[in-house]
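Q: Sequence plus predicted model, see below.
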Amino acid sequence: MIYKGCERKIIMIKNTGSEYFDEAYFIVKEKQETQPGCNECDMIAEANRLVSINSDSFGRRKKKTAKNPDIFSFLSGVLSGAAAVGIITLFVFI
């Protein structure tokens, strides 16, 4: 999305120390720019925290575990299928 004639504050972090990210850009919310208790050091610390959290988990994928078949679900499916076939058979031959 392109903003024309709009000023946005951006925090840019170079040399993040991550093996995945070289640079990170954070666009500061307009509400945060005007809050009195929020200073630049807090925003930079938060940006560094987000980079470190995401670089730790980035690239790791959860291994797909083979789901054990639930015997109850299997048997209920077989029984309901057999019941449906039985009911259809009764209607056809009666």
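A: Ah, there it is. What you see is a predicted model; the values in this text were computed from it and never measured.

Q: Just the mean pLDDT for the longest helix belonging to the chain, thanks.
A: As assigned by DSSP state H, the longest helix anywhere in the chain is helix 71-93. Summarised as a single mean, pLDDT over helix 71-93 is 91.

Q: what's it in contact with?
A: Outside helix 71-93, not one residue touches it by C-beta atoms under 8 Å, 6 or more residues apart in numbering. For glycine as for every other residue, the C-beta is placed from the backbone atoms N, C-alpha and C.

Q: Apart from its neighbours in sequence, what residue is nearest Arg8?
A: Take Arg8 and drop its neighbours on the chain: the residue closest to it by C-beta to C-beta, 6 or more residues apart in numbering is Ile27, 5.6 Å away.

Q: ok, now Lys9?
A: In space, Lys9 is closest to Val28, 4.2 Å off (C-beta to C-beta, 6+ apart).

Q: repeat for Phe26
A: Per C-beta to C-beta, 6+ apart, closest to Phe26 is Ile11, 4.3 Å.

Q: Surely that neighbour forms part of a helix?
A: No. Counting by DSSP: H, G, I helix; E, B strand; the rest coil, Ile11 is not part of a helix but strand.

Q: and it, what does it touch?
A: Contacts for Ile11 (C-beta under 8 Å, 6+ apart) come out as 25-26, 28, 43-44, 47.
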